[in-house]
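Peer 1: Dropping the sequence and predicted coords here.
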Amino acid sequence: MVVEAQDPEIPDHIDSYTWRDDTVDRPTPVHLSGPQEEVEASLYPTTAIDLGRIAEFVGIAEEELEDHEIRVEKARASYLYIERSTSLDGRVVIRISISGPRRSGNVEMTSSGEILSATVS
């Protein structure tokens, strides 16, 4: 999992943290581009989502695409993004990319786990 977080001591610094195999790597700076207002509009508090429920949300997404009208066989999450939506009234959304041996797809859900969309490609 990769998390980008704002440094509370230096608000214009955002750092990236990678968690893999129960280890968190040292932070690396995130290169920012665009107006500072856009950067600030994309930020959200850590309380906006219960990170302890991520495995549950992944399971919901995988099951959704395994049961989809165009089915993803052996659906497994490959990427997960949490971000503030610029098109959905600024709420925090979770986007999960799902892969299978023959098809793949995406599930978008709210920070509480409600499915907003599920697509198979």
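Peer 2: Here it is on my side, so go on.

Peer 1: ok but residue 94 is inside a helix, no?
Peer 2: No: checked against DSSP: H, G, I helix; E, B strand; the rest coil, residue 94 lies outside a helix; its state is strand.

Peer 1: Sketch out the low-pLDDT regions of the protein for me.
Peer 2: The model of the chain has pLDDT under 70 over residues 86, 88.

Peer 1: so residue 80 makes contact with residue 3?
Peer 2: No: judged on CB atoms under 8 Å, residue 80 makes no contact with residue 3 at a distance of 10.9 Å. All C-beta atoms are positioned from the backbone trio N, CA, C, and that covers glycine.

Peer 1: how many neighbours does residue 42 have?
Peer 2: Residue 42 sits with 15 neighbouring residues when counted by other CB atoms under 10 Å.

Peer 1: Let me see the domain layout of this protein.
Peer 2: 2-43, 48-120 (automatic domain parsing).

Peer 1: most tightly surrounded among those?
Peer 2: domain 48-120 (a mean of 15; mean count of other CB atoms under 10 Å).
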